[in-house]
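A.B. asks: Just a sequence and a predicted model for now, questions to come.
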Amino acid sequence: MLTKMIPEIGHFALIIALLMAAVQAVVPLAGAATRRPLWMAYARPMAAAQFVFIGIAYACLTVSYLLDDFSVATVASNSNSLLPWYYKFSAVWGNHEGSVLLWSFMLSAWGLMATLFSRNLPRDMMARVTGILGLIGAGFLTFVLVTSNPFARLLPNMPEDGTDLNPLLQDFGLVVHPPMLYMGYVGFSVVFAFAIAALLGGRLDAAWTRWARPWTNVAWAFLSVGIALGSWWAYYELGWGGWWFWDPVENASLLPWLAGTALIHSLAVTEKRGAFKSWTVLLAIATFSLSLMGTFLVRSGVLTSVHAFANDPSRGFFILVLLAITVTLSLLIFALRAPRVSHRVGFGWLSRDSLLLVNNIVLVIMTVTILLGTLYPLILDALGLGKISVGPPYFNALFVPLTTVLALFMGLGPIARWKRMPGRELYSRVWLSGLVALVLGALIPVFYGPEWNAKVMLGMILALWIVLPMLRDLVSRVRASRSVVVGLKKVSLAHWGMMLGHLGIAVTLVGVTVVSNDNVERNVRMAPGDSTEMAGYTFIMEELGERRGPNYLADTATIRVEREDGSHFMMRPEKRLYLATGMPMTQVALRAGFTRDLYVAMGEDLGDGSWAIRLQYKPLVRWLWLGGLLMGAGGLLAVADKRYRRAPGRTRRAGTPETATPSEGAS
Amino acid sequence: MAPLIRWLTAVLLLACATQAVGDSIEIRDFDSPVQKERYRDLTSSMRCPLCENQAIGDSDAPISGDMRDRVYTLLQDGQSDTEIINHMVDRFGEYILYNPRLESRTYLLWGIPVALLLGGGVLVVLVVRARRNASTASLSASERDRLDKLINRKRSP
Amino acid sequence: MKRRLLLFLPLIGFLVLAAFFYYRLGEDPSYRDSALIARDFPAFDLTTLDEPETRVDASLLKGEVTLVNVWGEWCPTCKQEMPQLLELEDRGIRMIGVDYRDTRKKGRQFLNQYGDPFELNIFDPDGDLGFDLGVYGAPETFLVDADGVIRYHHTGYIKPEDIEDTIMPEVEKWRR
């Protein structure tokens, strides 16, 4: 009996959670405004309660999927009794309703974490931060309940069985990619809340930035990994071997990532040096606003995309209202309360401050460029100026030079000193790295890859230029210590995090340039016994066959791939026909490796016993995503640094300079 | 109008589903590697008129196949890239170009990033010049004091 | 005060953007006009569906306002569109069909089964004319004026209400 009520329990829990969120929003904010400690004290328990009740709702929905309760509309249209349990589990967020619930759940989790880990925050700050998170939570919960109720029932006409999860989503990539991405998007709500709280409290000092930094790093780490996973998934699942399409939905995830990257760096400047205060606040607002805008673009149907959710203008309207309220209010507060004149913090031409300024400007230009390219067709269309498309050629044309500029300054940033440093000193620190980067970068493409290529050379030089100065800096630090271990231990975790993050960028940069320029692709006609050579591998078609899968028929090919040294392995691509839908699909054969991937896909039966086969050699393609993982690891490592969790009460001697030595991390 | 077309596109050709069917794998003989490269560039920079958002080189839709065939034929005829692009645009409209042509309505699309880059450069110069002579003290003593207090504040009972 | 006004810039920018978003809600982003509007009907030299020996060309479209409907047996929505096409014929509009990417046998079968409102069907088995018309799916309908210039394009299936709402007014407009 009780199991039949699970969806209602979930629904009620969601309503209660909305009420909790409303209380969490109103009472602590009012308390902070009127200085009433009791009201402010509502913040923490309400955040916990909201988390618990959304958790119950989320658990109820998951149980409904696991128990195959097809009277629930979302379960009926996104699951099936034959679906393996782990896909039932992930099917919860494989659709609009469930994914917004997951989004809200994560938001409440971030909110709870913020209250738990910020116990040494001033009470009014805490109250404001929690209240703002409560407001956002209340907005999203209203959205869920009003337009996207995942518990809506199909009674009394419940179907016998569900229509099944889209086969495309029955995949490990889709199990992990959305939660990571959402954690990133939602995570930026915390730094947003800190920024607004600081504006409301009129305390735009270094303190809020220090509190906000670890949260930004964690959200950014999740988003980095989420984007990398999405790219990886598209690569192996979509069957074209592409890994980034500059599709509006992909761009929507890149926007907050770029703004978040800028934010991480500007937070560093504001915390260490007290400069760029208003700018940092604006970036914090922009980063979260771009996350919200991404949600709007993906779910409202105003843009055409390969990955968009089922579109519904009424939902689009609701999100637009949410977006408009959030962004308008926060930008209004910003315009009214941002400090008009900050006292001038000075720095010279050559200083970490000025380099981070350049970093921020380049990242913002990148963000605006993507925003422009993504929305330009929409704007032209709205103005009646016709239909155009903006795609990969446009973005590539602009991103190559922008990335080059960014990378040039990235080489200098980590080793530069705050305030100012003599040109001679900077030069002495980098000349060798620069020279080595130039020479190695120019030589590597000569010995490696099919032919010398200027773009590969540029990519290599830039990647080396990012890494080598950091490496030299690390070596010189270790040398200055008694032993290697002591030297390495002296380097703070934050600095390690920064180095990993920058290394990640360099690794991704190498992957992108090499796979874009040295990729070899060949479409060949192959019958059993035929062989073809490509990039040092010999592909021999051993046999063609047929196979019956659980819910499909497949034409199969067995291809023997021989290396130059005579060793070999097998690759088995398939072309499947799914019986239920009558849909054909290619199942690529993929041989992954650190230095290259081999990618084999079956095209059409050419009739004479041979098939069209696409062979692809993708050098260093794994580096793309490896870089993303390194960035994620870097972001998390930086948070583990003890300066972020200094035990309350263990006061540092007053007057200890808070400014960093050049060694201290800026990431 | 709008829902109709959406419905239509949905019904018409499921071949545009995101998952590749493999129909875009064709065997073509090119006169030279340069021609092959041009074919690849052209088919990857034209948008399938039917699909949600795919280049004709990646798309399994029949119309994309027709368009690839046409690009190939025109290449074999010795037409230039511009001629081929014009040929396609004459039939399917500017919409199919992923690389929008520079014209009055796209001035801003190309101009804004360039302007931003120049403006950004000027901004850096202005900011640093203004700050170069300001005090290089970082946080003021009182600010630092306050920061320490806030960070290390004992939990309020 | 000047600087304070500067701080309002992000807000203004966002509001402009939000207005665009609002304006585009519910619109179909993939809808667009044909590239051939106000241009001559493309030249062609093809046979008719009924008579493999009879060749026709673009002069066929001159002299009278004509609706050119691109269809194919393989296209499910073409079947649903047929009643509307018959109705348009009843109203005295000259209709020409383009049997697009089809076989003669299937094309004829289709007309036998669902009705034939067309004065003539141009048989386009390889989709050459379709390609020159920028057709990317069927059905698509072009309105050609008496001078053989394409004046209006209807993507997809003509719904019953489209006859009064769009097709007839366009026909009247170009008849004059």
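C.D. replies: Done, it's in.
A.B. asks: Got the phi and psi for residue 76?
C.D. replies: In the absence of a named chain, chain A is used. Main-chain dihedrals, A:Ala76, degrees, to the nearest 10: phi -60, psi -40.
A.B. asks: Quick test: name the residue nearest the centre of chain B.
C.D. replies: The centre of chain B sits closest to B:Tyr98, judged by CA atoms, centre = their mean, with a distance of 6.8 Å.
A.B. asks: okay, now the residue in the stretch 501-650 of chain A that chain B sits nearest to: neighbour count?
C.D. replies: Using CB to the nearest CB, A:Gly603 is the residue of the stretch 501-650 of chain A that sits closest to chain B, at 2.8 Å. Yep, even glycine has a C-beta here, placed from its N, CA and C like the rest. Applying other CB atoms under 10 Å in any protein chain shown, we find 24 residues neighbouring A:Gly603.
A.B. asks: Which helix or strand contains it?
C.D. replies: strand A:596-605 (DSSP states H and E).
A.B. asks: Buried by neighbour count: which residues of the very next helix or strand once past that strand qualify?
C.D. replies: Sequence order places strand A:611-619 as the next helix or strand after strand A:596-605, per DSSP H and E. Using 16 or more other CB atoms under 10 Å in any protein chain shown as the test for burial, strand A:611-619 gives A:611-619.
A.B. asks: which SSE is residue 22 in?
C.D. replies: Using chain A. helix A:6-34.
A.B. asks: Wait, chain C was what I had in mind.
C.D. replies: Of the helices and strands defined by DSSP H and E, C:Tyr22 is found in helix C:9-24.
A.B. asks: Is there proximity between that helix and chain B?
C.D. replies: No. On the criterion CB under 8 Å from any CB of the partner chain, helix C:9-24 is out of touch with chain B, staying 10.6 Å away.
A.B. asks: what residues does that helix touch?
C.D. replies: The contact list for helix C:9-24 (CB atoms under 8 Å, 6 or more residues apart in numbering or on different chains) reads A:282, A:285-286, A:289, A:296, A:300, A:302, A:317, A:320, A:323-324, A:327-328, A:331-332, A:334-335, A:375, A:378-379, A:381-382.
A.B. asks: what's the burial count for A:Asn157?
C.D. replies: The burial count assigned to A:Asn157 is 6, neighbours taken as other CB under 10 Å.
A.B. asks: which secondary structure elements does the lengthiest helix in chain B contact?
C.D. replies: In chain B, taking DSSP state H as the definition, the longest helix is helix B:107-132. The elements that helix B:107-132 packs onto, with contact taken as 3 or more CB pairs under 8 Å, 6 or more residues apart in numbering or on different chains; DSSP states H and E, are helix A:352-382, helix A:392-412.
A.B. asks: Tell me if the shortest one is near chain B.
C.D. replies: Yes. Counting by CB under 8 Å from any CB, chain B has neighbours in helix A:392-412: A:392-394, A:397-398, A:402, A:405.
A.B. asks: how about the residue positioned nearest the centre of chain C, secondary structure?
C.D. replies: Ranked by distance to the mean C-alpha position of chain C (CA atoms, centre = their mean), the top residue is C:Thr141 at 2.6 Å. Here C:Thr141 is recorded as strand under DSSP: H, G, I helix; E, B strand; the rest coil.
A.B. asks: I'd say it and C:Thr66 touch.
C.D. replies: No. Using CB atoms under 8 Å, C:Thr141 makes no contact with C:Thr66, being 10.6 Å away.
A.B. asks: what does chain C put close to chain A?
C.D. replies: C:3-4, C:7-8, C:10-11, C:14-15, C:17-18, C:20-27, C:29-30, C:32-33.
A.B. asks: Please list only the buried members of these.
C.D. replies: Neighbour-count burial (16+ other CB under 10 Å) is assigned, among those, to C:7, C:10-11, C:14, C:17-18, C:20-22, C:24-27, C:29-30, C:32.
A.B. asks: tell me the least confident of the residues you listed?
C.D. replies: By pLDDT, C:Ser30 ranks lowest within those, coming in at 77.
A.B. asks: any idea how far that residue lies from chain B?
C.D. replies: C:Ser30 sits 7 Å away from chain B when distances are taken as CB to the nearest CB, to the nearest Å.
A.B. asks: so who does the nearest residue to that residue once chain neighbours are set aside touch?
C.D. replies: If you skip the residues right next to it in sequence, C:Ser30 has A:Thr304 as its closest partner in space, 5.1 Å away by CB to CB, 6 or more residues apart in numbering or on different chains. Applying CB under 8 Å, 6+ apart, one finds that A:Thr304 lies in contact with A:248, B:52-53, C:29-30.
A.B. asks: now do A:Thr369
C.D. replies: When contacts are counted by CB under 8 Å, 6+ apart, A:Thr369 touches A:395, A:398-399, A:402, B:112-113, B:116.
A.B. asks: Relative to B:Thr106, how far out is it?
C.D. replies: 14 Å (CB to CB, to the nearest Å).
A.B. asks: would you list every one of the helices in chain B?
C.D. replies: Taking DSSP H as the criterion, chain B carries its helices at B:2-12, B:33-44, B:62-76, B:81-92, B:107-132, B:141-151.
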